[in-house]
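[1] Sharing a model prediction with you, sequence too.
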Amino acid sequence: MINSITNALPKQTSRYLAIAFDYDGTLANDGHVAEDVILALREVVRSGRRLILVTGRRLEELLKVFQAVDIFDVAVCENGALLYTPSTKAIKMLAPPPTQDLVQAIQAKGVTPIELGRSIIATWRPNEERVLEVIQELGSDWQITFNKRAVMVLPPGINKASGLTAALRQLGLSRHNVIGVGDAENDIAFLNLCECSAAVANALPVLKSQADLATKSDHGFGVIELIEDLLTNKLSDHSITRHDLLLGTTAGGESVTFSSDNITILLAGPSQSGKSTICRSLIKQFAENGYQYCAIDPEGDHDRTSDALTIGNSHYPPDIDDILLALENPEESVVVNMLGLAFSDRPSFVARLLFELQKMRQTLGHPHWIIIDEAHHVLHPYWDETIKPAWEGGGANILVTIDPREISSSVLSSVDLAIAVGQDPASTLSYLAETVNQSPPNVPKNTLGWGEAIAWFRHNYGEPLLLKIACSAHERKRHARKYAYGDVGKERSFYFTGADKRLNIKVQNLILFMQVAEGLDESTWLFHLRNGDYSNWFDNVIHDSTLASETRKVERNTHIGARESRSLIKELIERRYTLPSRLFT
């Protein structure tokens, strides 16, 4: 696999806003937690982070042996079956109690000792064989889980991962902002859920082999070691690549990935070059991997994103309080539709929103991704001083633009990965390099096809890569269909007025454009043709620079009249868009 930006950029450990600890064998040695460990836990709390305990012990048993449980924000007990909130002493059951038939049948098999919790049935090896016989004889769907010598019997789907998920939901946190620490088999499920997993030195080999890192010290001293690394930012020394996301593949079939945190991506190129398709492909990965995103959408391109809530429309501007309220739930992504905002109000709105989103990242760790489509609309150099303070918070971001020259230099300086599409990727990357005082990269000379891009990892000090991005034909058709059949909005529609302004015929897509043009009087058609209005609309609203360029040639040809020019422009549109056959007959 080709090295990705993951290996070149330092990780921001501030993404880890919670630590989830196993109790026995991790925090505790022989059931006792050392005072030094408790002091280290209090340092985590003072840093503003959350503490979560994830244990197989029964709650009543835990409270007897661990007096400092009140340090924790929440405790997951009985291997995921129960939530306990120390600050309120509230108990929440996550699983049903065992049936009397099940308990009696296990006892009848001579299983001893046996301990009953509110949901869990606990015993010791080698009793698992007799317990399994009972489960099979009763046709029960309860399951057996091991914790070294301990044997735990629980309802289906109940484990430390399900319990941690419930705890995170209660705290408003995402699994992508959690470090998990454990030592035994029953910890594997919840460690795999966490963004970073750690095994203490005394952990079972199977756990160490799956964890992202292992401490040098055992039990609570390993916990202290991990906490010190977290609080002094030494965790950035550990390269964790299992959460990397796929960017594309080289001609040789090698996968190229990028980090899921602390990265700013610039996606640049002309209209109809595939930017939107690539952006949607990346957003799909975010959703599939549980990353929350906030997409700032000036043109309503992402309104129909099925895995996100859209706030705002062409009639009602988005409200920042509504956006933040929705994003408090880490499982809810948001599209911010800005069509209802005046163009002059959008940059200041985005600056305020970015400031609030960065504050949310500091306290909750999400949204994990901020996506700004048509970034040149709201991050223009004119607004440099307005945007700069809100942009300095870091995190993972994507900027989508036609031209990086229209984006603030302070924003461009934060770009780590540039993805250039279209006919002139070298120009895009050269301008970026010039802006950030870096030598221009040597861009491959290949002509880019659909779904191809040039990717430049600035901090890898390597050459740009020609990549094939995994984009479906459906996405390409969807983007074109928007302009053929959709509604670009009142302000962005084309208006046939004529020289004397006696007309005011509105067209909001290409189908209507050609329908109206077909029956339009010659003088009105020619007025807009000679003014270059058609190519300007195709360029600035339809975002098809190729169609605009070809149309401009027709507009400049003074030797043709209304009939021929109409026919030529119709042919140009049909060549790039699929229009209904019943038109123009």
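    The structure has been received and is ready for your questions. Numbering: from 1, shown residues only.
[2] rest of the way, CA atoms for contacts and neighbours
    Noted.
[3] so residue 296, which of the three states?
    Here residue 296 is recorded as strand under DSSP: H, G, I helix; E, B strand; the rest coil.
[4] measure it to residue 544 for me?
    In this view, residue 296 and residue 544 are 21 Å apart by CA to CA, to the nearest Å.
[5] Show me which of the two is the more surrounded one.
    When residue 296 and residue 544 are compared for neighbours, residue 296 comes out ahead with 24 against 20, by other CA atoms under 10 Å.
[6] hey, what's the more buried one bridged with?
    With beta bridges defined as DSSP bridges, residue 296 has these partners: residue 336, residue 372.
[7] which residues does it contact?
    Shown in contact with residue 296 (CA atoms under 8 Å, 6 or more residues apart in numbering): 335-338, 370-373.
[8] if you set the cut-off to 6 Å instead, what comes out?
    336, 371-372 (CA atoms under 6 Å, 6 or more residues apart in numbering).
[9] For residue 501, see how far away it is.
    Going from residue 296 to residue 501 by CA to CA gives 36 Å.
[10] can you map out the helices along the stretch 301-450 of the chain?
    Assigned by DSSP state H, counting those that start in this stretch, the helices in the stretch 301-450 of the chain fall at 320-327, 346-364, 384-391, 409-412, 425-435.
[11] Turn the ones you listed into a markdown table, including mean pLDDT.
    Below are the helices of the stretch 301-450 of the chain laid out as a markdown table (pLDDT from 0 to 100):
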| stretch | mean pLDDT |
| --- | --- |
| helix 320-327 | 96 |
| helix 346-364 | 91 |
| helix 384-391 | 65 |
| helix 409-412 | 86 |
| helix 425-435 | 91 |
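[12] closest to residue 73 out of these?
    Residue 73 sits nearest to helix 346-364 of all those, at 14.2 Å, using CA to CA.
[13] Low-confidence regions, the stretch 451-585 of the chain specifically.
    Judged by pLDDT under 70, the stretch 451-585 of the chain has its weakly predicted residues at 461, 470-486, 543, 545, 578-585.
[14] ugh, typo on my part, it should be the stretch 51-200 of the chain
    For the stretch 51-200 of the chain, no range has pLDDT under 70.
[15] Okay, helices next: where are they in the stretch 1-150 of the chain?
    35-46, 59-65, 100-108, 128-138.
[16] Check which residues of the first one are buried.
    Right, helix 35-46. For helix 35-46, the buried set under the neighbour-count rule, 16 or more other CA atoms under 10 Å, comprises 37-38, 40-41, 44.
[17] on that earlier part again, ok, and the most crowded of the contacts of residue 296?
    Among the contacts of residue 296, the one with the most neighbours (other CA under 10 Å) is residue 336, at 28 neighbours.
[18] what sits against that residue?
    Residue 336 neighbours (CA under 6 Å, 6+ apart): 295-297, 310-311.
[19] Can you lay out the helices of the stretch 301-450 of the chain as TSV showing mean neighbour count and distance to residue 561?
    Listed next are the helices of the stretch 301-450 of the chain as TSV, based on neighbours: other CA atoms under 10 Å; distance: least, CA to CA, whole Å:
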stretch	mean neighbour count	distance to residue 561
helix 320-327	16	51
helix 346-364	18	41
helix 384-391	17	46
helix 409-412	20	46
helix 425-435	19	37
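[20] which one of those helices lies closest to residue 549?
    Of the helices of the stretch 301-450 of the chain, nearest to residue 549 by CA to CA is helix 425-435, at 18.0 Å.
[21] What is that closest one packed up against?
    Judged by 3 or more CA pairs under 6 Å, 6 or more residues apart in numbering; DSSP states H and E, helix 425-435 has no packing partners among the helices and strands.
[22] what's in contact with that helix?
    439-440, 443.
[23] Which entries within the residues you listed meet the buried criterion?
    Counted by 16+ other CA under 10 Å, those give residue 443 as buried.
[24] Of the contacts of helix 425-435, which is the nearest to residue 419?
    Residue 419 lies nearest to residue 443 out of the contacts of helix 425-435, by CA to CA, at 11.7 Å.
[25] Do you know the pLDDT at that closest one?
    In this prediction, residue 443 carries a pLDDT score of 86.
[26] and it, what is it in contact with?
    Residues near residue 443 by CA under 6 Å, 6+ apart: 426, 464.
[27] which residues of the stretch 1-150 of the chain fall in strands?
    Secondary structure of the stretch 1-150 of the chain by DSSP state E, counting those that start in this stretch: the strands cover 18-21, 50-54, 74-77, 82-85, 90-93, 115-116, 121-124, 143-147, 150-154.
[28] out of those strands, which comes closest to residue 227?
    Nearest of the strands of the stretch 1-150 of the chain (CA to CA): strand 18-21, 9.1 Å.
[29] and that closest one, which strands flank it?
    strand 50-54 (parallel), strand 178-182 (parallel).
[30] Centre of the chain to the first one, how far?
    Strand 50-54 sits 24 Å away from the centroid of its parent chain (CA atoms, centre = their mean, to the nearest Å).
[31] And residue 21, how far from residue 541?
    Distance from residue 21 to residue 541, counting by CA to CA: 53 Å.
[32] more neighbours, those two?
    Set residue 21 next to residue 541 and count neighbours by other CA under 10 Å: residue 21 wins out with 26 against 19.
[33] what's the neighbour count on the nearest residue to residue 212 once chain neighbours are set aside?
    Distances taken as CA to CA, 6 or more residues apart in numbering place residue 197 nearest to residue 212, at 5.2 Å, with adjacent residues excluded. Number of residues near residue 197 (other CA under 10 Å) recorded here: 26.
[34] With the one 3 residues further on instead?
    Each residue near residue 200 was counted by other CA under 10 Å, and the total is 29.
[35] Could you measure from it over to residue 217?
    7 Å.
[36] Check residue 507 too.
    Taking CA to CA, one finds residue 507 at 70 Å from residue 217.
[37] does residue 488 sit in a helix or strand, and which one?
    Using DSSP states H and E, residue 488 sits in no helix or strand.
[38] and it, what does it touch?
    residue 508.
[39] The residue nearest to residue 212 belongs to a helix, doesn't it?
    No - counting by three-state DSSP, residue 197 is not part of a helix but strand.
[40] does it really touch residue 210, like I thought?
    No - between residue 197 and residue 210 there is no contact under CA atoms under 6 Å: 8.4 Å.
[41] Buried residues, stretch 104-118. List them.
    105-107, 111, 114, 117-118.
[42] hang on, I meant stretch 284-299
    For stretch 284-299, a neighbour-count test (16+ other CA under 10 Å) marks 286-287, 290-299 as buried.
[43] ok, residue 498 to residue 202 distance?
    Counting by CA to CA, the gap from residue 498 to residue 202 is 82 Å.
[44] Make CSV from the contacts of residue 336 and add pLDDT and distance to residue 519 to it.
    Compiled in CSV, the contacts of residue 336 are given as follows (pLDDT from 0 to 100; distance: CA to CA, whole Å):
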residue, pLDDT, distance to residue 519
295, 96, 40
296, 95, 39
297, 93, 35
310, 94, 38
311, 95, 39
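[45] so which of those comes closest to residue 361?
    Looking across the contacts of residue 336 and measuring by CA to CA, the closest to residue 361 is residue 295, at 15.0 Å.
[46] tell me the contacts of the closest one?
    Applying CA under 6 Å, 6+ apart, the residues near residue 295 are 335-336, 370-372.
[47] could those go into TSV alongside pLDDT and distance to residue 378?
    Below are the contacts of residue 295 laid out as TSV (pLDDT from 0 to 100; distance: CA to CA, whole Å):
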residue	pLDDT	distance to residue 378
335	95	16
336	96	13
370	96	14
371	96	12
372	95	9
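[48] could the strands paired with strand 18-21 go into JSON lines alongside distance to residue 250?
    Listed next are those as JSON lines, based on distance: least, CA to CA, whole Å:
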{"stretch": "strand 50-54", "distance to residue 250": "42"}
{"stretch": "strand 178-182", "distance to residue 250": "33"}
